[in-house]
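Colleague: 3D, please:
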Amino acid sequence: MDKERKAKDDEATAQERPTLKTLAFMTGLGVTTVSRALKDAPEIGAETRRRVQLVAKQIGYRPNRAGVRLRTGKTNVISLVLNTEHELMSFVSDIIYGVTEVIADTPYHLIVTPYSRSQDPLDPVRYLVETGSADGVIISRTQPNDPRARYMLERGIPFATHGRTDMGLVHPYHDFNNYAFAAEAVRHLAGLGRRRLALVTPPVGLSYYRHTVNGFADALSEVGASEVPFNTVSIDHSIEQIRTRTAQLMRRDIRPDGIISSAAAATLAIVAGIEDAGLKLGRDVDVVSKQSSELLHLFRHELLVVNEDFRLAGSELARSVLGWIGGAAPGSLQSLSEPKGVVAYRRSD
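Modeller: Modelled structure (predicted):
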């Protein structure tokens with residue numbers, strides 16, 4: 001009986017759901033005209049398009065995805081592929097916010113496709129492509145020679161990468177200029193009189209590792225400072241690992257008086273390690289860190305920060321994918337955000 005009741009309820013819901021015929025009846029227009037008006041077809045007058053879209057919004061009309069796919073071959077889905085173990089919640093929420101802000105007034109919907117450390121990063125992309133589950137894909141943790149990008153290019157799947165590749169292949173991307181970030185951080189620390197600098201890098205295999213390291217090295221040469229090697233951790237290590245190894249580094253006779261961190265979460269551990277070693281932030285050592293949310297100064301006001309806008313990244317990536325789906329040349333859908341300088345909050349005496 002329960003199954004029969006559920007089937008009847010589902011049938012009733014389907015019958016109550018507004019359709020193109022409902023819209024046509026309520027606007028006094030033909031079904032074809034209504035359909036084209038919803039798609040912003042230029043041959044339909046602007047006033048008619050506005051009226052149809054307003055009525056559709058008022059009655060809660062939503063296209064039937066299965067029907068759309070049968071008619072057009074499209075899913076009206078953009079998939080954001082994320083590593084669930086390495087991506088921090090601030091990154092995930094901001095990227096999602098930026099993507100949804102752009103697609104809100106389009107027929108497209110966002111789905112998040114997660115994968116774990118134990119999986120090949122190509123697996124979720126291959127699944128999306130082979131099952132036709134999305135019209136466009138956004139990937140992060142981009143590698144210089146990224147097999148996911150090559151795979152989708154070979155199959156003509158619109159996509160965008162958060163970060164750049166170095167394969168000699170043209171595709172949409174949005175990136176933050178990590179070379180400039182590291183160089184600006186070095187110059188700022190040098191301006192404070194810091195001469196022995198350490199860098200907590202991104203993971204070695206990712207594209208922005210090389211950008212960050214190159215910016216750091218070039219700026220060290222420029223200002224005449226020296227590097228204190230700190231290659232036992234990256235920002236992918238656990239908070240406890242970063243804390244422990246920072247404390248060990250800061251207990252050495254030759255220790256850094258300036259540290260650059262590529263992520264805010266790692267910075268929390270770096271500061272804890274500095275304090276474990278009995279040193280004071282802002283007096284014995286300065287730290288410049290990237291952050292995506294303006295929170296680090298609430299943790300320690302002595303911290304120096306460079307802001308990276310992940311909401312902007314999400315917006316740019318969504319525009320890139322939609323642009324490629326709409327027929328724009330992939331090479332015209334690339335963007336690079338520049339750091340806006342090192343921000344210093346109130347410093348202690």
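Colleague: The spatially most central residue of the chain and residue 179: what is the separation?
Modeller: Nearest residue to the geometric centre of the chain (CA atoms, centre = their mean): residue 95, 4.4 Å. According to CB to CB, to the nearest Å, residue 95 stands 22 Å off from residue 179. Just so you know, the C-beta spots here come from the backbone N, C-alpha and C atoms, and that holds for glycine as well.
Colleague: Can you give me the neighbour number for the closest residue to residue 266 other than its chain neighbours?
Modeller: Nearest in space to residue 266, with sequence neighbours left out and distances taken as CB to CB, 6 or more residues apart in numbering, is residue 235 at 4.3 Å. Using other CB atoms under 10 Å, residue 235 has 22 other residues around it.
Colleague: contacting residues for residue 235?
Modeller: Shown in contact with residue 235 (CB atoms under 8 Å, 6 or more residues apart in numbering): 200-203, 242, 261-263, 265-266.
Colleague: do the same with residue 80
Modeller: Per CB under 8 Å, 6+ apart, neighbours of residue 80: 95-96, 99, 110-113, 138.
Colleague: Spell out which helix or strand contains it, please.
Modeller: strand 77-83 (DSSP states H and E).
Colleague: same thing with residue 335?
Modeller: Going by DSSP H and E, residue 335 is in strand 334-337.
Colleague: Only alpha carbons, please: show that strand as CSV.
Modeller: C-alpha atoms of strand 334-337 as CSV (Å, rounded to 0.1, in the frame of the first residue of the first chain):
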residue,chain,number,x,y,z
GLN,A,334,41.9,32.9,-19.4
SER,A,335,42.4,35.2,-16.4
LEU,A,336,45.1,35.9,-13.8
SER,A,337,44.5,37.7,-10.5
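Colleague: picking that back up, of the contacts of residue 235, select the buried ones using a PyMOL command.
Modeller: Command for PyMOL, covering only those of these found buried under the criterion 16 or more other CB atoms under 10 Å:
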select buried, resi 200+201+202+242+261+262+263+265+266
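Colleague: And for residue 97, the neighbour number?
Modeller: 13.
Colleague: Wait, it touches residue 313, no?
Modeller: No - in this structure residue 97 lies outside contact range of residue 313 using CB atoms under 8 Å: 10.4 Å.
Colleague: gap between the two ends of stretch 79-90?
Modeller: Separation of the first and last residues of stretch 79-90 by CA to CA, to the nearest Å is 19 Å.
Colleague: picking that back up, ok, so what distance separates the residue nearest to residue 266 from residue 173?
Modeller: 21 Å.
Colleague: What residues sit buried inside stretch 219-231?
Modeller: Going by 16+ other CB under 10 Å, stretch 219-231 has these buried residues: 219-220, 223, 225, 228, 230.
Colleague: can you check stretch 146-155 too?
Modeller: Quick answer for stretch 146-155 (16+ other CB under 10 Å): 146, 148-149, 152-153.
Colleague: Just the ones in helices from those, please.
Modeller: Among the buried residues of stretch 146-155, the ones falling in helices (DSSP state H) are 148-149, 152-153.
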